[in-house]
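Novice: here is my input; please provide its structure:
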Amino acid sequence: MIKDIINVAEEKMNKTISVLKNELASMKAGRANPAMLDRIQVEYYGSSTALNQLANVSAPEARVLLIQPYDKSAIKDIERAILMSNLGLNPSNDGSVIRLVIPELTEETRKNIVKSVKKAGEDGKVAIRSVRRDANDKIKALKKDNTITEDEVKKAEDDVQKKTDSYIKNIDEIVDKKEKDLMSI
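Specialist: Numbering: from 1, shown residues only. As a prediction, this is how the structure comes out:
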């Protein structure tokens, strides 16, 4: 019972880390990264479709993304979706592929992106702490029902806290790495 609660909590904490990594990967860092375009949805034949399902996205050079649509007729739709996204990139096409040149980041832009990275890290920590609180509430409910002893409650809460500390440390490392990445370009 306690093991199940802790396993579910750890699973949720892992998902939080995955969400954070995906969010940080989609932030532009001054160099080309196909993951920057993962969130872009293209209006294609009346339905919203992920860009990476309509085209092959690659980074042939450090600051260039190359988008090769599987269907050449989707080029205009893809360009429109990129322009409407908040990435601030201007697509150029030659009729068969779209090129996105990633501009150099100014110091001010980098600092703003770092603020966003830190905010995403804080949001991740809040989510981790929320999972901890839920797990501890479930453990206390078991104690209230006289299903487990006080010692088992204490040990289970300690286990949950150790996992929480570990995941928060992981978030700090991920955020620090992204911050160093942004500021060293």
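
Novice: tell me the secondary structure for the spatially most distant residue from the centre of the chain?
Specialist: Distance from the centre of the chain peaks at Asn146, with 40.6 Å (CA atoms, centre = their mean). State at Asn146, reduced to three classes by DSSP: H, G, I helix; E, B strand; the rest coil: coil.

Novice: next, the buried residues of stretch 140-159.
Specialist: Of the residues in stretch 140-159, Leu142, Ile148, Val153, Ala156, Glu157, Asp159 count as buried by neighbour count, 16 or more other CB atoms under 10 Å. Placement of C-beta: from N, CA and C, glycine included.

Novice: residues contacting the third one?
Specialist: Right, Val153. Applying CB atoms under 8 Å, 6 or more residues apart in numbering, we find Val153 in contact with Ile139, Lys140, Leu142, Lys143.

Novice: swap the cut-off to 7 Å and go again
Specialist: Val153 makes contacts with Ile139, Lys140, Lys143, as judged by CB atoms under 7 Å, 6 or more residues apart in numbering.

Novice: just the pLDDT for Gln68.
Specialist: Turning to Gln68, the model gives it a pLDDT of 90.

Novice: next one: Asp71
Specialist: The predicted local confidence for Asp71 is 86.

Novice: phi and psi next, for it.
Specialist: Asp71 adopts backbone torsions of phi -120, psi 110, taken as degrees, to the nearest 10.
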